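A.B. asks: Can you look at this prediction? I've put the sequence above it.
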Amino acid sequence: MRLTLTTFLTLDGVMQGPGAPDEDRSGGFELGGWLPPYFDDAVGAQMAGVMERADAFLLGRHTYDTFAAWWPQHSDPTDPIADALNRLPKHVATSRADELAWSGSQRLDGDLVTAVTELKSRPGRELQVHGSGRLAGSLMREGLIDTYHLLVFPVVLGRGRRLFADGMPPAALRLVDSRTSGSGVAMLTYHSAGAATFGSVAD
């Protein structure tokens, strides 16, 4: 399976607390809920298309808890997002020992790189990461992400957790699809393209 990351970003790269004001207050973040004013039908269709390619999910614990508090109560087999999240396996990167009660959930055991590499070796289309900022950072540092689905919203926050934080290893990406919603959301798909290359404009 290809390991894909799908996340919502502001123009300055913040991914924290997109869906509601109180979704994620960690680190004193007080600007949650910046996504809904721009979430239109085109963004919804883009997300439905992403979910239709999923065969399993890999989630950080905060994102898992957020999803698990909502989606089991909103099961709808005709909704591709609800159907995928409720039906497919969910692998959770967590150090907590409490039970993962959402149907299809299982703890990711052992070394992260070894465990994720094993999941990627299984047959299927996409092993999808959604949100999960800390987990995404760990996966990027190890070069494990194959595809990035980045939905960039026309808002600047100036603070919050950023996807591409300082200290990430330089890497190249190849744009394979781009669309823009009526509300101004840039929906970009990149494939990983190895190490970053450098040159001079005078060459």
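C.D. replies: Right, received. Where do you want to start?
A.B. asks: sec struct for the closest residue to Gly131 other than its chain neighbours, please.
C.D. replies: Using CB to CB, 6 or more residues apart in numbering and skipping residues adjacent in sequence, the residue nearest Gly131 is Thr63, 4.2 Å away. For the C-beta atoms, the positions are set from N, CA and C on the backbone; glycine is no exception. Three-state assignment for Thr63 (DSSP: H, G, I helix; E, B strand; the rest coil): helix.
A.B. asks: and Thr63, what does it touch?
C.D. replies: His130, Gly131, Ser132, Leu135 (CB atoms under 8 Å, 6 or more residues apart in numbering).
A.B. asks: what's the answer for Pro89, then?
C.D. replies: Ala56, Phe57, Gly104, Ser105, Gln106.
A.B. asks: let's see it at 7 Å
C.D. replies: Counting by CB atoms under 7 Å, 6 or more residues apart in numbering, Pro89 touches Ala56, Gly104, Gln106.
A.B. asks: Mark which of those are buried, thanks.
C.D. replies: Buried by 16 or more other CB atoms under 10 Å: Ala56, out of the contacts of Pro89.
A.B. asks: ok, of the contacts of Pro89, which one's closest to Gln46?
C.D. replies: Using CB to CB, Ala56 comes nearest to Gln46 of those, at 20.2 Å.
A.B. asks: quick check, that closest one in a strand?
C.D. replies: Yes - Ala56 forms part of a strand when assessed by three-state DSSP.
A.B. asks: Look up the residues forming beta bridges with it.
C.D. replies: Counting by DSSP bridges, Ala56 is bridged to Leu127.
A.B. asks: what about it, distance to Leu139?
C.D. replies: According to CB to CB, to the nearest Å, Ala56 and Leu139 sit 15 Å apart.
A.B. asks: Ala84 now?
C.D. replies: 20 Å.
A.B. asks: Contact partners for the residue nearest the centre of the chain?
C.D. replies: Nearest to the geometric centre of the chain sits His130, at 2.7 Å (CA atoms, centre = their mean). Residues in contact with His130 (CB under 7 Å, 6+ apart) are Thr6, Thr7, Phe57, Leu59, Thr63.
A.B. asks: Take those and write them to JSON lines, including distance to Arg159 and pLDDT.
C.D. replies: Shown next, in JSON lines, are those (distance: CB to CB, whole Å; pLDDT from 0 to 100):
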{"residue": "Thr6", "distance to Arg159": "23", "pLDDT": "98"}
{"residue": "Thr7", "distance to Arg159": "17", "pLDDT": "97"}
{"residue": "Phe57", "distance to Arg159": "29", "pLDDT": "98"}
{"residue": "Leu59", "distance to Arg159": "25", "pLDDT": "98"}
{"residue": "Thr63", "distance to Arg159": "20", "pLDDT": "94"}
